[in-house]
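>>> the sequence isn't on hand, but the structure is:
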């Protein structure tokens, strides 16, 4: 979903499914927590042909990759 579609969805009042809202809240909470721990935020929702990395942070010379999964 590109930026224009996100803005339209937000202001048009389209309701998101519960699992998507929970996922966004969880991702935001994780991002805030890791930033409070002193890690530098690099990117969110990085996509490639092999999949998606939800959050990428840096601490010194180390990279931290955060992947969220569904509960099955």
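Yep, that arrived. Owing to the predicted nature of the structure, the values given are computational and were not obtained by experimental measurement.

>>> could you list the low-pLDDT ranges of the protein?
Residues of the chain that meet the criterion pLDDT under 70 lie in 1, 13-14, 70-72.

>>> in it, which spans are strands?
40-48, 51-59, 62-66 (DSSP state E).

>>> need those in TSV with mean neighbour count and distance to residue 16, can you?
The way it works is simple: take the backbone N, C-alpha and C, and place the C-beta from them, glycine included. Below are the strands of the chain laid out as TSV (neighbours: other CB atoms under 10 Å; distance: least, CB to CB, whole Å):
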stretch	mean neighbour count	distance to residue 16
strand 40-48	11	15
strand 51-59	15	17
strand 62-66	12	21
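
>>> could I get the ones you listed as JSON lines with distance to residue 2?
Output for the strands of the chain, formatted as JSON lines (distance: least, CB to CB, whole Å):
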{"stretch": "strand 40-48", "distance to residue 2": "12"}
{"stretch": "strand 51-59", "distance to residue 2": "15"}
{"stretch": "strand 62-66", "distance to residue 2": "23"}
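
>>> can you say which of those strands is nearest to residue 11?
strand 40-48 (20.8 Å; CB to CB).

>>> tilt between the helix ranked longest in the chain and strand 51-59?
For the chain, the helix that runs over the most residues, judged by DSSP state H, is helix 18-36. On the basis of axes from the mean of the first three to the mean of the last three CA atoms, to 10 degrees, helix 18-36 is oriented at 20 degrees to strand 51-59.
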